[in-house]
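Q: Kindly return the folded structure for what I paste below:
(one chain, ligands or ions: 1)
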Amino acid sequence: MNESAPEGGGLRCGRYALPLSRPLVMGVVNITPDSFSDGGAYFDAESAVERARELVGEGADIIDIGGESTRPGAEAVPAVEELKRIMPVLDALRCVDVPISVDTSKPEVMRVALAGGADMINDINAFRTDGALEEVAPTAAAVCIMHMQGEPRTMQAAPHYDDVVGEVRNFLGERAVAAKRLGICDERIVIDPGFGFGKTLEHNLRLLRHLGELVGLGWPVLVGLSRKSMLGRITGREVGDRVHASVAAALLAVTYGARIVRVHDVRATRDAMAMFEALQSVT
Ligand code: HH2
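A: Predicted structure coming up:
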(Lines give C-alpha, C1' and ligand atoms only; values in the text may rest on other atoms or scores of the structure.)
Protein backbone atom coordinates (compact mmCIF):
# COMPACT_ATOMS: atom_id res chain seq x y z
CA MET A 1 0.00 0.00 0.00
CA ASN A 2 1.25 3.47 -0.87
CA GLU A 3 1.75 5.28 2.42
CA SER A 4 3.53 8.29 1.04
CA ALA A 5 2.08 11.25 -0.80
CA PRO A 6 3.41 12.84 -3.93
CA GLU A 7 5.07 16.22 -3.54
CA GLY A 8 2.09 18.53 -3.77
CA GLY A 9 1.70 22.21 -4.50
CA GLY A 10 -0.66 23.89 -2.09
CA LEU A 11 -3.32 22.90 0.39
CA ARG A 12 -6.94 22.70 -0.71
CA CYS A 13 -8.87 24.05 2.19
CA GLY A 14 -12.59 24.50 1.55
CA ARG A 15 -13.09 27.83 -0.23
CA TYR A 16 -9.33 28.43 -0.36
CA ALA A 17 -6.18 27.12 -2.03
CA LEU A 18 -3.32 27.92 0.31
CA PRO A 19 0.22 28.07 -1.02
CA LEU A 20 2.69 26.08 1.03
CA SER A 21 5.75 27.81 -0.39
CA ARG A 22 6.10 29.56 2.97
CA PRO A 23 5.15 28.30 6.43
CA LEU A 24 1.59 29.13 7.44
CA VAL A 25 0.46 30.34 10.84
CA MET A 26 -2.74 28.91 12.29
CA GLY A 27 -4.13 31.09 15.08
CA VAL A 28 -5.98 29.33 17.91
CA VAL A 29 -9.23 30.53 19.47
CA ASN A 30 -10.59 28.24 22.18
CA ILE A 31 -14.27 28.88 22.93
CA THR A 32 -14.02 26.94 26.17
CA PRO A 33 -14.03 27.66 29.89
CA ASP A 34 -11.16 25.26 30.58
CA SER A 35 -8.46 25.27 27.87
CA PHE A 36 -4.99 25.08 29.31
CA SER A 37 -3.74 28.44 28.08
CA ASP A 38 -6.69 30.66 27.14
CA GLY A 39 -9.58 28.87 28.88
CA GLY A 40 -12.42 31.27 29.67
CA ALA A 41 -10.84 34.25 27.89
CA TYR A 42 -12.96 33.85 24.73
CA PHE A 43 -15.84 31.76 26.07
CA ASP A 44 -18.55 34.08 24.79
CA ALA A 45 -19.03 34.30 21.02
CA GLU A 46 -18.41 38.03 20.86
CA SER A 47 -14.97 37.92 22.44
CA ALA A 48 -14.05 34.80 20.43
CA VAL A 49 -14.94 36.58 17.18
CA GLU A 50 -13.04 39.67 18.28
CA ARG A 51 -10.01 37.55 19.12
CA ALA A 52 -10.15 35.76 15.77
CA ARG A 53 -10.29 39.09 13.92
CA GLU A 54 -7.35 40.29 15.98
CA LEU A 55 -5.32 37.20 15.03
CA VAL A 56 -6.17 37.70 11.35
CA GLY A 57 -4.99 41.30 11.69
CA GLU A 58 -1.73 39.97 13.15
CA GLY A 59 -1.23 37.79 10.10
CA ALA A 60 -2.89 34.44 10.83
CA ASP A 61 -3.30 32.39 7.64
CA ILE A 62 -5.90 30.06 9.16
CA ILE A 63 -8.08 30.37 12.29
CA ASP A 64 -8.70 27.21 14.32
CA ILE A 65 -11.75 27.36 16.57
CA GLY A 66 -12.51 24.71 19.18
CA GLY A 67 -15.36 24.15 21.62
CA GLU A 68 -13.86 21.37 23.75
CA SER A 69 -10.59 21.42 25.65
CA THR A 70 -8.28 18.48 25.01
CA ARG A 71 -5.91 19.15 27.88
CA PRO A 72 -5.14 16.10 30.05
CA GLY A 73 -8.05 15.50 32.40
CA ALA A 74 -10.48 17.89 30.63
CA GLU A 75 -14.23 17.24 30.96
CA ALA A 76 -15.93 15.77 27.86
CA VAL A 77 -18.41 18.14 26.19
CA PRO A 78 -21.62 16.83 24.51
CA ALA A 79 -21.96 17.58 20.77
CA VAL A 80 -24.91 19.90 21.32
CA GLU A 81 -22.89 22.06 23.72
CA GLU A 82 -19.83 22.04 21.43
CA LEU A 83 -22.02 23.24 18.55
CA LYS A 84 -23.59 25.94 20.74
CA ARG A 85 -20.08 27.26 21.37
CA ILE A 86 -18.62 27.12 17.88
CA MET A 87 -21.48 27.81 15.45
CA PRO A 88 -22.14 31.49 16.28
CA VAL A 89 -18.38 32.10 15.97
CA LEU A 90 -18.12 30.19 12.69
CA ASP A 91 -21.13 32.12 11.32
CA ALA A 92 -19.59 35.46 12.25
CA LEU A 93 -16.19 34.52 10.81
CA ARG A 94 -17.36 33.40 7.39
CA CYS A 95 -16.86 36.91 6.03
CA VAL A 96 -13.29 37.08 7.39
CA ASP A 97 -10.96 36.37 4.50
CA VAL A 98 -9.04 33.37 5.87
CA PRO A 99 -9.99 29.70 6.09
CA ILE A 100 -11.72 28.59 9.27
CA SER A 101 -10.72 25.27 10.80
CA VAL A 102 -12.87 23.54 13.40
CA ASP A 103 -11.10 21.48 16.06
CA THR A 104 -13.42 18.56 16.80
CA SER A 105 -13.52 14.76 16.91
CA LYS A 106 -17.30 14.32 16.74
CA PRO A 107 -18.86 13.40 13.37
CA GLU A 108 -22.11 15.22 14.26
CA VAL A 109 -20.17 18.41 15.02
CA MET A 110 -18.19 18.00 11.79
CA ARG A 111 -21.43 17.66 9.79
CA VAL A 112 -22.97 20.88 11.12
CA ALA A 113 -19.70 22.81 10.97
CA LEU A 114 -19.05 21.73 7.37
CA ALA A 115 -22.61 22.69 6.36
CA GLY A 116 -21.95 26.02 8.08
CA GLY A 117 -18.87 26.68 5.97
CA ALA A 118 -15.86 25.24 7.87
CA ASP A 119 -12.88 25.01 5.51
CA MET A 120 -10.92 22.48 7.51
CA ILE A 121 -11.57 19.88 10.19
CA ASN A 122 -8.78 19.44 12.71
CA ASP A 123 -9.28 16.14 14.53
CA ILE A 124 -6.97 15.22 17.40
CA ASN A 125 -8.42 11.71 17.12
CA ALA A 126 -7.34 11.38 13.47
CA PHE A 127 -10.92 10.75 12.24
CA ARG A 128 -11.03 7.36 13.99
CA THR A 129 -14.57 7.85 15.33
CA ASP A 130 -17.06 5.90 13.20
CA GLY A 131 -18.46 8.13 10.50
CA ALA A 132 -15.92 10.94 10.87
CA LEU A 133 -14.13 10.45 7.55
CA GLU A 134 -17.48 9.93 5.82
CA GLU A 135 -18.62 13.40 6.97
CA VAL A 136 -15.59 15.19 5.53
CA ALA A 137 -14.97 13.12 2.39
CA PRO A 138 -17.74 14.55 0.15
CA THR A 139 -16.81 18.17 0.97
CA ALA A 140 -13.89 20.34 -0.14
CA ALA A 141 -12.56 20.76 3.39
CA ALA A 142 -8.98 19.99 4.37
CA VAL A 143 -8.34 17.44 7.11
CA CYS A 144 -5.73 17.64 9.84
CA ILE A 145 -4.90 14.12 10.99
CA MET A 146 -3.23 14.16 14.41
CA HIS A 147 -1.53 11.38 16.34
CA MET A 148 -2.61 10.74 19.93
CA GLN A 149 -1.83 7.75 22.13
CA GLY A 150 -4.81 6.98 24.39
CA GLU A 151 -7.48 9.59 25.03
CA PRO A 152 -7.26 13.05 26.61
CA ARG A 153 -8.49 12.08 30.08
CA THR A 154 -5.73 9.53 30.66
CA MET A 155 -3.16 10.00 27.89
CA GLN A 156 -0.42 11.42 30.09
CA ALA A 157 -0.64 8.63 32.72
CA ALA A 158 2.00 6.34 31.21
CA PRO A 159 2.77 6.99 27.54
CA HIS A 160 4.87 4.20 26.06
CA TYR A 161 6.50 3.61 22.68
CA ASP A 162 9.23 1.26 21.48
CA ASP A 163 10.02 3.69 18.66
CA VAL A 164 8.03 6.91 18.98
CA VAL A 165 9.02 8.38 15.61
CA GLY A 166 8.39 5.16 13.67
CA GLU A 167 5.08 4.48 15.42
CA VAL A 168 3.78 8.03 14.87
CA ARG A 169 4.93 7.96 11.25
CA ASN A 170 3.22 4.63 10.57
CA PHE A 171 0.02 5.74 12.27
CA LEU A 172 -0.18 9.00 10.30
CA GLY A 173 0.58 7.20 7.04
CA GLU A 174 -2.17 4.65 7.71
CA ARG A 175 -4.76 7.29 8.62
CA ALA A 176 -3.91 9.38 5.55
CA VAL A 177 -4.35 6.29 3.39
CA ALA A 178 -7.72 5.63 5.10
CA ALA A 179 -8.73 9.19 4.20
CA LYS A 180 -7.61 8.73 0.61
CA ARG A 181 -9.61 5.52 0.34
CA LEU A 182 -12.75 7.57 0.94
CA GLY A 183 -11.76 9.99 -1.80
CA ILE A 184 -9.93 12.70 0.16
CA CYS A 185 -7.10 13.75 -2.15
CA ASP A 186 -3.49 14.36 -1.09
CA GLU A 187 -3.93 18.14 -1.47
CA ARG A 188 -6.57 18.13 1.30
CA ILE A 189 -4.46 16.22 3.84
CA VAL A 190 -2.29 17.60 6.65
CA ILE A 191 -0.57 15.43 9.28
CA ASP A 192 0.44 16.31 12.84
CA PRO A 193 2.53 14.35 15.40
CA GLY A 194 0.34 15.64 18.24
CA PHE A 195 2.86 17.10 20.66
CA GLY A 196 1.80 16.42 24.24
CA PHE A 197 -0.93 13.94 23.31
CA GLY A 198 0.15 10.74 25.09
CA LYS A 199 3.84 11.67 25.04
CA THR A 200 6.52 12.36 27.61
CA LEU A 201 8.95 15.26 27.27
CA GLU A 202 11.48 12.88 25.78
CA HIS A 203 8.96 11.58 23.21
CA ASN A 204 8.08 15.17 22.22
CA LEU A 205 11.71 16.17 21.82
CA ARG A 206 12.52 13.09 19.79
CA LEU A 207 9.55 13.80 17.48
CA LEU A 208 10.66 17.40 17.01
CA ARG A 209 14.28 16.45 16.37
CA HIS A 210 13.19 13.81 13.82
CA LEU A 211 10.29 15.73 12.31
CA GLY A 212 11.94 15.21 8.93
CA GLU A 213 10.86 11.56 9.01
CA LEU A 214 7.21 12.67 9.09
CA VAL A 215 7.85 15.35 6.48
CA GLY A 216 9.23 12.55 4.32
CA LEU A 217 5.75 11.00 4.10
CA GLY A 218 4.93 13.84 1.72
CA TRP A 219 1.87 15.46 3.30
CA PRO A 220 2.34 18.90 4.86
CA VAL A 221 3.16 18.67 8.57
CA LEU A 222 1.36 20.87 11.09
CA VAL A 223 2.74 21.24 14.62
CA GLY A 224 1.15 22.53 17.80
CA LEU A 225 3.78 23.33 20.39
CA SER A 226 2.44 26.71 21.47
CA ARG A 227 2.52 27.29 25.26
CA LYS A 228 2.49 23.54 25.91
CA SER A 229 3.67 22.00 29.15
CA MET A 230 6.82 20.59 27.53
CA LEU A 231 7.94 24.21 27.13
CA GLY A 232 7.17 24.79 30.80
CA ARG A 233 9.23 21.74 31.72
CA ILE A 234 12.19 23.02 29.71
CA THR A 235 12.08 26.71 30.68
CA GLY A 236 10.44 26.58 34.12
CA ARG A 237 7.90 29.19 32.92
CA GLU A 238 4.18 29.28 33.67
CA VAL A 239 1.72 28.96 30.78
CA GLY A 240 1.21 32.71 30.33
CA ASP A 241 4.95 33.26 30.12
CA ARG A 242 5.87 30.83 27.38
CA VAL A 243 5.68 33.07 24.32
CA HIS A 244 9.44 33.14 23.75
CA ALA A 245 9.80 29.38 24.04
CA SER A 246 6.73 28.95 21.79
CA VAL A 247 8.20 31.13 19.08
CA ALA A 248 11.53 29.30 19.33
CA ALA A 249 9.73 25.97 19.06
CA ALA A 250 7.72 27.11 16.01
CA LEU A 251 10.90 28.31 14.33
CA LEU A 252 12.66 25.02 15.06
CA ALA A 253 9.67 23.10 13.72
CA VAL A 254 9.67 24.93 10.38
CA THR A 255 13.44 24.51 10.19
CA TYR A 256 12.85 20.76 10.50
CA GLY A 257 10.23 20.94 7.74
CA ALA A 258 6.85 21.80 9.32
CA ARG A 259 4.63 23.82 6.95
CA ILE A 260 1.94 24.98 9.38
CA VAL A 261 2.37 26.09 12.99
CA ARG A 262 -0.66 26.19 15.30
CA VAL A 263 -0.12 29.04 17.77
CA HIS A 264 -1.76 31.36 20.27
CA ASP A 265 0.75 34.20 19.75
CA VAL A 266 0.37 35.05 16.07
CA ARG A 267 2.20 38.37 15.92
CA ALA A 268 5.40 37.07 17.51
CA THR A 269 5.30 33.86 15.47
CA ARG A 270 4.84 35.76 12.21
CA ASP A 271 8.01 37.75 12.91
CA ALA A 272 9.92 34.51 13.40
CA MET A 273 8.46 33.13 10.16
CA ALA A 274 9.54 36.31 8.35
CA MET A 275 13.11 35.64 9.51
CA PHE A 276 12.84 32.05 8.27
CA GLU A 277 11.46 33.15 4.89
CA ALA A 278 14.14 35.81 4.46
CA LEU A 279 16.81 33.12 4.70
CA GLN A 280 15.02 30.80 2.28
CA SER A 281 15.66 33.13 -0.63
CA VAL A 282 19.41 33.34 0.04
CA THR A 283 21.63 30.89 -1.78
N1 HH2 B 1 -3.19 20.92 20.43
C2 HH2 B 1 -4.29 21.29 21.14
C3 HH2 B 1 -5.55 21.25 20.54
N4 HH2 B 1 -5.71 20.91 19.27
N5 HH2 B 1 -4.78 20.25 17.21
C6 HH2 B 1 -3.71 19.90 16.48
N7 HH2 B 1 -3.85 19.57 15.19
N8 HH2 B 1 -2.45 19.87 17.02
C9 HH2 B 1 -2.22 20.19 18.32
O10 HH2 B 1 -1.05 20.12 18.76
C11 HH2 B 1 -3.34 20.57 19.13
C12 HH2 B 1 -4.62 20.57 18.52
C13 HH2 B 1 -4.13 21.73 22.55
O14 HH2 B 1 -3.96 23.11 22.63
P15 HH2 B 1 -5.14 24.16 22.95
O16 HH2 B 1 -6.20 24.10 21.90
O17 HH2 B 1 -4.56 25.51 23.13
O18 HH2 B 1 -5.70 23.71 24.34
P19 HH2 B 1 -7.03 22.94 24.78
O20 HH2 B 1 -7.03 21.63 24.12
O21 HH2 B 1 -6.90 22.84 26.28
O22 HH2 B 1 -8.21 23.75 24.35
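
Q: Now for the residue of the stretch 101-250 of the chain found nearest the ligand, how many residues are close by?
A: Distances between the stretch 101-250 of the chain and the ligand by CB to the nearest ligand atom are smallest at residue 224, namely 2.2 Å. From N, CA and C alone the C-beta is placed, and that goes for glycine too. Neighbour count for residue 224, taken as other CB atoms under 10 Å: 28.

Q: switch to numbering from 79
A: Okay, residue one is now 79; in that scheme the one you just asked about reads as residue 302.

Q: right, and it touches residue 340 too?
A: Yes - counting by CB atoms under 8 Å, residue 302 does reach residue 340; the two are 3.9 Å apart.

Q: Where does residue 125 sit, in terms of helix or strand?
A: In this structure, residue 125 sits in helix 123-135 according to DSSP states H and E.

Q: on contacts alone, who are the packing partners of that helix?
A: Applying 3 or more CB pairs under 8 Å, 6 or more residues apart in numbering; DSSP states H and E, we find helix 123-135 packed against strand 102-108, strand 140-144, helix 157-171.

Q: right, so of those, which gets closest to the ligand?
A: Per CB to the nearest ligand atom, nearest to the ligand of the helices and strands packed on helix 123-135: strand 102-108, 4.3 Å.

Q: Show me what the closest one is in contact with.
A: Residues from elsewhere that reach strand 102-108, judged by CB atoms under 8 Å, 6 or more residues apart in numbering: 89, 96, 115-117, 119-120, 126, 129-130, 133-134, 136-144, 147, 167, 179, 300, 304, 337-342, 344, 347-348, 351.

Q: swap in stretch 285-297?
A: 81-86, 242-244, 246-247, 250-251, 254, 264, 267-269, 271, 273, 277, 299, 301, 303, 327, 330-331, 334-336.

Q: ok, and for that stretch, which residues are buried?
A: For stretch 285-297, the neighbour count (16 or more other CB atoms under 10 Å) marks 285-286, 288-289, 291-293, 295-297 as buried.

Q: what does stretch 315-325 give?
A: In stretch 315-325, counting by 16+ other CB under 10 Å, buried: 315, 320-321, 323-325.
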